[in-house]
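In: Predicted coordinates and the sequence they were generated for:
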Amino acid sequence: MINVIGLGYIGLPTALMFAKSGIEVIGSDYNEDLVELLFQGKLTIEEEGLEELFKNAVENGVKFTTEYQKTDTYIIAVPTPYINSSKKIDPKYVISAVNSVLDVCEKGVILIIESTISPGSIDRYVRPEIVKRGFVLGKDVHLVHAPERIIPGNMIYELEHNSRTIGSDEPEIGEKVKELYANFCKAEIVVTDIRSAEMSKVVENTYRDINIAFANELAKICRTDNLDVYEIIRIANKHPRVNILQPGPGVGGHCISVDPWFLVGDYPDLTNLILTARKINDSMPTHVLGRIRDIMRKHNIKDISKIGLYGLAYKENVDDTRESPTLQLLKRMDEHLAFGVKVYDPFIKTRIVEHQFMNFEDFLNEIEILVIMTAHEHIKNNMDLIKEKIVLDTKNICTFDGTYKL
Ligand code: SAJ
């Protein structure tokens, strides 16, 4: 039996996948409300294919509880926030989950950490905790780092089809865990050591951050010379060895905008490129603000409440607002005492910011300038409704002429 600890964006779909493939799974989370909802058959996140997977897993007997279970295999998928001031990881949830496992587990347990951690975290924070409790590593407890790679919006498909990394310092344990994941993962599963697994996970997200930063820098360069950055990237990408990503209003989410900071925090003297990329991506909400100011001047609009931001989620078709560019933009406006901008996101059903609308048409009726911050399908399907507005399209999705771009 596997006990999956942490039933959030990663833990829940992973637990369900294992259950679907016929393995006995119990999911544990200390959040009683979350467990109660899951117990009642209600999902807490929206994700393509998740409902069906959930039904399947329930039929196969998956259970949810606030208690940790006595078993021989655990998967820890708890959040790993970073400390803003030092840019280092805050391992408190991982440490506490490890300790709770040690309270109940069998001897010889396999403890798999899926949460993203900064390189060296297992040596620094996890091993000492286990040793302190009198357990012998490699005998009583076998540690594994199996970082996830799935992308919100396509998680279920990617759980099955993405290649995975299993990090273990005991090769036979690595192979055993590889076999376990092969129950649902149909792609290549690479076994390596723990430190390489930790580093490769953070490197993957850092690579994407740098590539997006390059696109964002190009957008700024092209803006000053009135060139179409999208056309330039489209042409450049025809080259067989060029693959530039797309510029946007900033980089959000809990992964790409966070993981590179782990490297900056741990290797401050060596991370020039990585730090610069982070700064470029973090500067994009301010760039959008500058574009809004230009457009307001051009159209002689002085009233901030005539501006509407479309999208609160950090990216298209998800309901996740962590580190979202829109929230970053609102924070900057707030710092400059610019209040009153209106906001709408069809995926966000509770009020999380001021002047947030719950109805799209009401929102449109109140504004003159529409700033598209997130490229949800919803707005792509409603282009007719926005044609009369002055549109700043930061995601390059508008299909009609006359829109302003980044
Ligand atoms: N973005 C751009 N331009 C692009 C692509 C993305 O501005 O061309 C922005 C998005 O709008 C969003 C942010 O970047 O604000 C991040 O979105 P994303 O779709 O690139 O990635 P995440 O954060 O949803 O998921 C990433 C993925 N990592 C990589 O692609 C290397 C995913 O595979 C990881 O599992 C996930 O991080 C994670 O949990 O680490």
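Out: Perfect, I can see it now. Not measured: the values here are computed from a predicted model. Numbering: from 1, shown residues only.
In: Give me every residue in the stretch 201-350 of the chain lying close to the ligand.
Out: Contact residues, the stretch 201-350 of the chain versus the ligand (C-beta under 6 Å from any ligand atom): 204-205, 208, 212, 245-246, 248, 251-253, 255-256, 314-315. Yep, even glycine has a C-beta here, placed from its N, CA and C like the rest.
In: Tell me which entries of those lie within helices.
Out: Taking DSSP state H, the ones among these that sit in helices are 204-205, 208, 212.
In: Report the separation between the closest residue in space to residue 65 that isn't next to it in sequence and residue 97.
Out: With sequence-adjacent residues excluded and distances taken as C-beta to C-beta, 6 or more residues apart in numbering, residue 65 is closest to residue 28, at 5.6 Å. Between residue 28 and residue 97 the distance is 9 Å, computed by C-beta to C-beta, to the nearest Å.
In: which residues touch residue 139?
Out: Residue 139 makes contact with residue 108 under the criterion C-beta atoms under 8 Å, 6 or more residues apart in numbering.
In: Ignore what I typed, I meant residue 18.
Out: Residue 18 touches 2, 4, 25, 183-184, counting by C-beta under 8 Å, 6+ apart.
In: tell me the pLDDT at the residue in the stretch 301-406 of the chain that the ligand sits nearest to?
Out: Residue of the stretch 301-406 of the chain nearest the ligand, by C-beta to the nearest ligand atom: residue 315 (3.9 Å). Residue 315 is assigned a predicted lDDT (pLDDT) of 96.
In: For it, grab the count of nearby residues.
Out: Using other C-beta atoms under 10 Å, residue 315 is surrounded by 22 other residues.
In: Among the contacts of residue 18, which lie within strands?
Out: Counting by DSSP state E, those place 2, 4, 25 in strands.
In: quick one: which of those is most hemmed in?
Out: Neighbour max across these (other C-beta under 10 Å) = residue 4, 28 neighbours.
In: so where do the strands sit in the stretch 251-400 of the chain?
Out: For the stretch 251-400 of the chain, the strands defined by DSSP state E, counting those that start in this stretch occupy 307-310, 342-344, 356-357, 369-372, 390-393.
In: Of those, flag the one that's most buried.
Out: strand 307-310 (a mean of 27; mean count of other C-beta atoms under 10 Å).
In: quick one: the residue in the chain sticking out farthest from the centre from residue 403, how far?
Out: Here the centre of the chain is the reference, and by C-alpha atoms, centre = their mean the most remote residue is residue 300, at 38.2 Å. To residue 403, residue 300 is 19 Å away according to C-beta to C-beta.
In: likewise residue 109?
Out: Look at residue 109 and residue 403: by C-beta to C-beta, they are 57 Å apart.
In: same deal with residue 234?
Out: Taken as C-beta to C-beta, the span from residue 234 to residue 403 is 17 Å.
In: With neighbour numbers in mind, choose between those two.
Out: Comparing residue 234 with residue 403 by neighbour count (other C-beta under 10 Å), the higher total belongs to residue 403, at 18 against 11.
In: What residues does that one make contact with?
Out: 391-393.
In: follow-up on the earlier one: quick check, nearest of the ones in strands among the contacts of residue 18 to residue 66?
Out: Closest approach between the ones in strands among the contacts of residue 18 and residue 66, by C-beta to C-beta: residue 4, at 13.2 Å.
In: can you give me the helices in the stretch 251-400 of the chain?
Out: 259-266, 272-298, 325-335, 360-366, 377-380, 383-386 (DSSP state H, counting those that start in this stretch).
In: Name the surrounding residues that touch the first one.
Out: When you say that, I think you mean helix 259-266. Contact with helix 259-266 is made by 82, 86-89, 116, 118-120, 201-202, 205-206, 209-210, 271, 274-275, 277-278, as judged by C-beta under 8 Å, 6+ apart.
In: Whichever of these end up buried, select them in PyMOL.
Out: Applying 16 or more other C-beta atoms under 10 Å to the contacts of helix 259-266, the buried members can be selected in PyMOL as follows:
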select buried, resi 82+87+88+89+116+118+119+201+202+205+206+209+210+271+274+275+277+278
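In: shared neighbours, residue 28 and residue 97?
Out: 5-6.
In: my read: the residue of the stretch 301-406 of the chain closest to the ligand touches residue 253, true?
Out: Yes: under the criterion of C-beta atoms under 8 Å, residue 315 makes contact with residue 253 at 6.6 Å.
In: what's near enough to touch the residue nearest to residue 65?
Out: Residues near residue 28 by C-beta under 8 Å, 6+ apart: 3-7, 35, 64-69.
In: and it, what are its phi and psi?
Out: phi -120, psi 140 (degrees, to the nearest 10).
In: Any idea what it is bridged to?
Out: residue 5, residue 65 (DSSP bridges).
In: how far away is it from the ligand?
Out: 21 Å (C-beta to the nearest ligand atom, to the nearest Å).
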